[in-house]
Every structure is written in C-alpha cells, then in structure tokens.
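**Q** Give me the fold of what follows.
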Amino acid sequence: MSIITSVIVAFICSAVPLPSVLGDINIPWVAVVLAYWCAKSPEQMSVISAWLVGLLFDIFAGAILGQHALGFALVAYFTLVYHHRFKFAPLAEKMLFITLIILLYRMLAWQIYYSFGTVNYSVAYIWSAIFAPVVWIVVSITLRDRPLKRSL
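**A** Numbering: from 1, shown residues only. As a prediction, the model looks like this:
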C-alpha cells in the first residue's frame, strides 16, 4: 500500500465514530501512519509532507488551521531524527517512543484548542494517545512489505 493510500485510509478511520462505550476517545490514526512512514522510508517522507498532511487534516476535521499541521510536523521530526535507532529497537521501546510522540502531539493540539477556546475537549483527548501503540501494531502489520512466495 502506498503512502498516499494509507494516509487516505487513516483519514477515513479518523472520521468513523467509535462506540459510545469508549466515550471521548479519539484514536490518532493519521499521526501513527505518518510516524510509520517516517520510520520505514525516511527518504520519501519529510517534515514538510507531514505538515501538508496536517493542513489537509485541519481542513478535514474543521480544526484551527495549522494546529494538526504543527503536531504532525513534530511527530515527523522526532521520528525522522530517531529512525536509525528505531529500526533496531525492540518492540517495547518502539511502543514507548510512539506513545510519547503521540502524547506530545495530543498535548500540543489540546493546548491550542484550550488557548483559543473553540472546542472544549476532555482529558480523554490526551489520554487517547495510550491507544497509539495498539494502532501502531495494526498499521505495521497492515502496511509491511510481504515478499511474494512463488509456488511451482
């Protein structure tokens, strides 16, 4: 699956409402997909491309223009800086890293929301970053390259 296709699917997953049992939890699909592509192929992803995806997501979500763009740029920056270590890190370390950068992105977005007073989000918006490692596993299993096996 290509980068553009996976980002479009992440946009769609972000638009799908979750069951009411989960409350205000909003899973950061797009940020995790961007982090995945920055870690997997840093030569194709950049901070600028993540910023552009963030601007599109701001328009898509009806958010303050530049809010998610800044957050996605930070996610891309930290992932690109540490992508060499990230390749060889154990799974637990990858999960912790993803959780921390998504938590940073969510705290930044929540602070922007709070500063402008446009939307009143609960603390569940920040704590939804705890679901980022689970989303990371789903994304990495779905998007990883599988070699084709030929049978004779």
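
**Q** For the rest of this, base every contact and every neighbour count on C-alpha atoms.
**A** Noted.

**Q** Quick one: neighbours of residue 99, just the number.
**A** Using other CA atoms under 10 Å, residue 99 has 22 neighbouring residues.

**Q** in what helix or strand does it lie?
**A** Following DSSP states H and E, one finds residue 99 within helix 91-116.

**Q** by contact count, what packs against that helix?
**A** helix 29-40, helix 67-81, helix 124-127, helix 132-143 (3 or more CA pairs under 8 Å, 6 or more residues apart in numbering; DSSP states H and E).

**Q** Please tabulate those in CSV and include distance to residue 11 and mean pLDDT as additional columns.
**A** Compiled in CSV, those are given as follows (distance: least, CA to CA, whole Å; pLDDT from 0 to 100):
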stretch, distance to residue 11, mean pLDDT
helix 29-40, 6, 91
helix 67-81, 13, 93
helix 124-127, 17, 72
helix 132-143, 13, 83
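
**Q** And those: which comes nearest residue 115?
**A** Closest to residue 115 of the helices and strands packed on helix 91-116 is helix 67-81 (CA to CA; 11.5 Å).

**Q** which secondary structure elements does that closest one contact?
**A** helix 29-40, helix 47-61, helix 91-116.

**Q** Comparing those, which yields the minimum mean pLDDT?
**A** Among the helices and strands packed on helix 67-81, helix 91-116 carries the lowest mean pLDDT, at a mean of 87.

**Q** and the angle from that helix to helix 29-40?
**A** Helix 91-116 runs at 130 degrees relative to helix 29-40, counting by axes from the mean of the first three to the mean of the last three CA atoms, to 10 degrees.
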